[in-house]
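Visitor: dropping a prediction and its sequence here:
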Amino acid sequence: KAGVTQTPRYLIKTRGQQVTLSCSPISGHRSVSWYQQTPGQGLQFLFEYFSETQRNKGNFPGRFSGRQFSNSRSEMNVSTLELGDSALYLCASRGGANQPQHFGDGTRLSIL
Amino acid sequence: KQEVTQIPAALSVPEGENLVLNCSFTDSAIYNLQWFRQDPGKGLTSLLLIQSSQREQTSGRLNASLDKSSGRSTLYIAASQPGDSATYLCAALYSSASKIIFGSGTRLSIRP
């Protein structure tokens, strides 16, 4: 069974640009969550999607948005990029509340 | 407020020792608790998931326990090896539709 796949693995952008990250969950998993990880702030929850609906949301500005498609694949978009958005963005999926959450290897985003 | 705490933030032990990592949570009405390890620059790898009805789970040299009444979970690693060096995170789920709450992790270093 394939794991959680995130693309691209690395991305370099400049301030003011926007970016879209992609996540393909494990087959059959309907819950997809996104996290931002930085050395200073640790792992921070962005949002969770379940069956194409945002189910939970973290404390991030509106520049951070996401969506989920009918095949459970998810995208995360960040607009008007700032230097502080440089981070490892992790996606995770799970098959149900009683199932473990599985993570992808992340997308390393660098803002110049 | 539901919080998950991991102390200490870092731990260094010689190879071969048995060790215990701690995780505390503020709300005893936990749904399940999951332990992860993270290697530098990588995503999180699921180690063990304990349901609220369980007291412990074992996988190889790893044993995780859950004590809801005291708000504690421990991860026991037997006969530690240098390859066990990583950051270990615990995460609590409080209901089937809620977000998963992560601790800040314990960075473990096993000295050869």
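Guide: Right, received. Where do you want to start?
Visitor: now tell me what touches the helix or strand of chain B with the lowest mean pLDDT from outside.
Guide: Of all helical and strand segments in chain B, the minimum by mean pLDDT, DSSP states H and E falls on strand B:101-102, at a mean of 93. Residues from elsewhere that reach strand B:101-102, judged by Cβ atoms under 8 Å, 6 or more residues apart in numbering or on different chains: A:42-43, A:45, B:2-4, B:25, B:89-94. Placement of C-beta: from N, CA and C, glycine included.
Visitor: again, only using 10 Å
Guide: A:35, A:37, A:42-45, B:1-4, B:6, B:25-27, B:30, B:33-34, B:36, B:44, B:89-94 (Cβ atoms under 10 Å, 6 or more residues apart in numbering or on different chains).
Visitor: tell me which of these fall in helices.
Guide: Among these, none falls in helices (DSSP state H).
Visitor: in strands, which of these fall?
Guide: Per DSSP state E, strands hold the following members of those: A:35, A:37, A:42-45, B:4, B:25, B:33-34, B:36, B:44, B:89-93.
Visitor: among the residues you listed, which ones are buried?
Guide: For the ones in strands among the contacts of strand B:101-102, a neighbour count by 16 or more other Cβ atoms under 10 Å in any protein chain shown gives the buried set as A:35, A:37, A:43, A:45, B:4, B:25, B:33-34, B:36, B:44, B:89-93.
Visitor: who's in contact with B:Leu89?
Guide: By Cβ under 10 Å, 6+ apart, the contact list for B:Leu89 reads A:42-43, B:4, B:6, B:21, B:23, B:34-38, B:44, B:47, B:102-106.
Visitor: again, 8 Å this time
Guide: By Cβ under 8 Å, 6+ apart, the contact set of B:Leu89 is A:Leu43, B:Gln6, B:Trp35, B:Phe36, B:Arg37, B:Gln38, B:Leu44, B:Phe102, B:Gly103, B:Ser104, B:Gly105, B:Thr106.
Visitor: coming back round to it: from the buried ones among the ones in strands among the contacts of strand B:101-102, which is closest to A:Phe69?
Guide: Of all those, A:Tyr35 has the smallest distance to A:Phe69: 19.7 Å, by Cβ to Cβ.
Visitor: burial count for the residue lying closest to that closest one once chain neighbours are set aside?
Guide: Of all residues not flanking A:Tyr35 in the chain, A:Leu90 sits nearest, at 4.5 Å (Cβ to Cβ, 6 or more residues apart in numbering or on different chains). Applying other Cβ atoms under 10 Å in any protein chain shown, we find 24 residues neighbouring A:Leu90.
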